[in-house]
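**Student:** fold the following for me, if possible:
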Amino acid sequence: MKILFYNHTAQVSGAERVLMMILSRLNRDQFMPVVLCPTGPMMEMASALGVPCQNVEQLSARFTWRIDHLFRYAASFIRAIRSVRARVVGIQPDIIHANSIRAGLVMTFATAGLDVPVIWHAHDLLRRHPLSTAIRFFACASGRNSILAVSHAVADRFRGLLIRWFSRRVPVRVIHNAVDLERFQPNPESRREIRRALGFTERERVVGIVGHLTPDKGQLELIQAFAAVSRETSDVVLLVVGEALFNRGADYAECLVRAASSFAVTDRVRFLGPRDDVPALMQGFDLLVVNSRTEGFPLAVLEGLASGTPVIATAVGGIPEMIRHRENGWLVPAQADHSLAAGILTLLSDPELRATLARRGREEVSAHYSAERYISDMQSFYRQAGNVRTTVTLQTQREASENA
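**Tutor:** Sure thing, here's the model as predicted:
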């Protein structure tokens, strides 16, 4: 079965890391992957796995209220659709895996008149915006579409009222993300090494946040909460791991530096930038913070839990599907600096509680979120999509024969 994977951006973030897990573990005796994406880091990583890649037009389109931006984004969609359609016709895939909602929109338009099924992989919560209704409408417009959601929260938001009425026409399936349990696992020696490399003693308590720098990830609010924490306790530091990738990320990164200065915690906050040793860094943390305003099913939470690192996270999107408060992690409301600061202080002051949450977190991930489970579910999903195509093709041929 030939599967065409389409990624609308060249950058590598959470959705692309999920796609790389699929490509690295897909059974090549049963599935033949081909990747369409703009030239850049994503293509380089896929090519390194021996996956054939073809370049397509970069899609630049985001939710906005500005009419001038909407016209510019529409033009980008048209260019991307033309670029993608030419590739699809040449590749002739059995199914298409579009690795975002925007990628799904492009592929649905680009494959008009073709009988190939299109999987929309929804990684994020669909925003509350008039355009979201239009997106749901286009999902329903073609009987070739199916929605693959990373969490029940993402699935419920995508359905809205429209998809609920047409649930048989646009099936929605949930397959939770996963983590490589061999890369992310408790390792005392790795903890000692990374802390020595960073210049920390065992007496110092290290709080970390991992993710690209953007307001949705809440690094600014974390710095504000950390300032309150640092006034209550000594020997605590904050590590901010990640870089600016999208929108006005560079401006936001500068804002974070200014915030650390204005809250007088510059000596306790370290910006590490992008790192390729995140599994080791997870070991070095005494506490991982995920302070997002919105999330589908973030890999950072799974990686922290798998590493045996206690996790404090906002109760948004799919995060409560992973974390049960005070059982295998700690939940706080989003954009509630006081609750976040209080939670961090509680966990830092109670080593036994942190150890209990860490142990239960690792057990939860091992039982439900392994990469082996994930790829098995994905391959079953692809087979079902392929069977649907065969059924639709046979039905079309039969109808044509009867009409003749």
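
**Student:** separation between the closest residue in space to residue 290 that isn't next to it in sequence and residue 382?
**Tutor:** Counting by Cβ to Cβ, 6 or more residues apart in numbering, residue 290 lies nearest to residue 313, which is 3.9 Å off, once chain neighbours are set aside. C-beta: built from backbone N, CA, C; applies to glycine. Per Cβ to Cβ, to the nearest Å, residue 313 is found 31 Å from residue 382.

**Student:** so for those two, which sits in the more crowded spot?
**Tutor:** Ranked by neighbour count (other Cβ atoms under 10 Å), residue 313 and residue 382 place residue 313 first, with 28 against 22.

**Student:** so that one, which of the three states?
**Tutor:** Classification of residue 313 using DSSP: H, G, I helix; E, B strand; the rest coil returns strand.

**Student:** tell me who's in contact with it.
**Tutor:** With contacts defined as Cβ atoms under 8 Å, 6 or more residues apart in numbering, residue 313 is in contact with 289, 290, 291, 292, 301, 319, 323, 329, 330, 331, 332.

**Student:** neighbours around the second one, how many?
**Tutor:** Look at residue 290: counted by other Cβ under 10 Å, it has 24 neighbours.

**Student:** that one and residue 299 touch, don't they?
**Tutor:** No - Residue 290 lies out of contact with residue 299 (Cβ atoms under 8 Å); the separation is 10.1 Å.

**Student:** returning to what we had before: now the contacts of residue 313 in JSON lines, with pLDDT, distance to residue 51 and secondary structure?
**Tutor:** Listed next are these as JSON lines, based on pLDDT from 0 to 100; distance: Cβ to Cβ, whole Å; DSSP: H, G, I helix; E, B strand; the rest coil:
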{"residue": "289", "pLDDT": "98", "distance to residue 51": "34", "secondary structure": "strand"}
{"residue": "290", "pLDDT": "98", "distance to residue 51": "30", "secondary structure": "strand"}
{"residue": "291", "pLDDT": "98", "distance to residue 51": "34", "secondary structure": "coil"}
{"residue": "292", "pLDDT": "97", "distance to residue 51": "30", "secondary structure": "coil"}
{"residue": "301", "pLDDT": "98", "distance to residue 51": "28", "secondary structure": "helix"}
{"residue": "319", "pLDDT": "98", "distance to residue 51": "31", "secondary structure": "helix"}
{"residue": "323", "pLDDT": "97", "distance to residue 51": "33", "secondary structure": "coil"}
{"residue": "329", "pLDDT": "97", "distance to residue 51": "35", "secondary structure": "strand"}
{"residue": "330", "pLDDT": "98", "distance to residue 51": "39", "secondary structure": "strand"}
{"residue": "331", "pLDDT": "98", "distance to residue 51": "38", "secondary structure": "strand"}
{"residue": "332", "pLDDT": "98", "distance to residue 51": "40", "secondary structure": "strand"}
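
**Student:** now render the residues you listed as TSV, adding distance to residue 273.
**Tutor:** Below are the contacts of residue 313 laid out as TSV (distance: Cβ to Cβ, whole Å):
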residue	distance to residue 273
289	18
290	19
291	19
292	20
301	21
319	25
323	27
329	26
330	27
331	28
332	26
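
**Student:** show me which of the residues you listed are buried.
**Tutor:** Neighbour counting with 16 or more other Cβ atoms under 10 Å marks 289, 290, 291, 292, 301, 319, 323, 329, 330, 331, 332 as buried within the contacts of residue 313.

**Student:** ok, the last one to residue 375 distance?
**Tutor:** Okay, so that is residue 332. 33 Å.

**Student:** ok, back up a step: give me the beta-bridge partners of the residue nearest to residue 290?
**Tutor:** When bridges are called by DSSP bridges, residue 313 pairs up with residue 290, residue 331.

**Student:** that one and residue 143, how far apart?
**Tutor:** Taken as Cβ to Cβ, the span from residue 313 to residue 143 is 38 Å.

**Student:** still on that earlier bit, list just the nearest of the buried ones among the contacts of residue 313 to residue 212.
**Tutor:** Residue 212 has its nearest neighbour among the buried ones among the contacts of residue 313 in residue 292, at 11.3 Å by Cβ to Cβ.

**Student:** just for the stretch 51-200 of the chain, where's the confidence low?
**Tutor:** Under the criterion pLDDT under 70, the flagged ranges of the stretch 51-200 of the chain are 61-73, 129, 161-169.

**Student:** check contacts around residue 109.
**Tutor:** 77, 81, 138.

**Student:** out of those, which are buried?
**Tutor:** Counted by 16+ other Cβ under 10 Å, those give 77, 81 as buried.

**Student:** thank you, goodbye.
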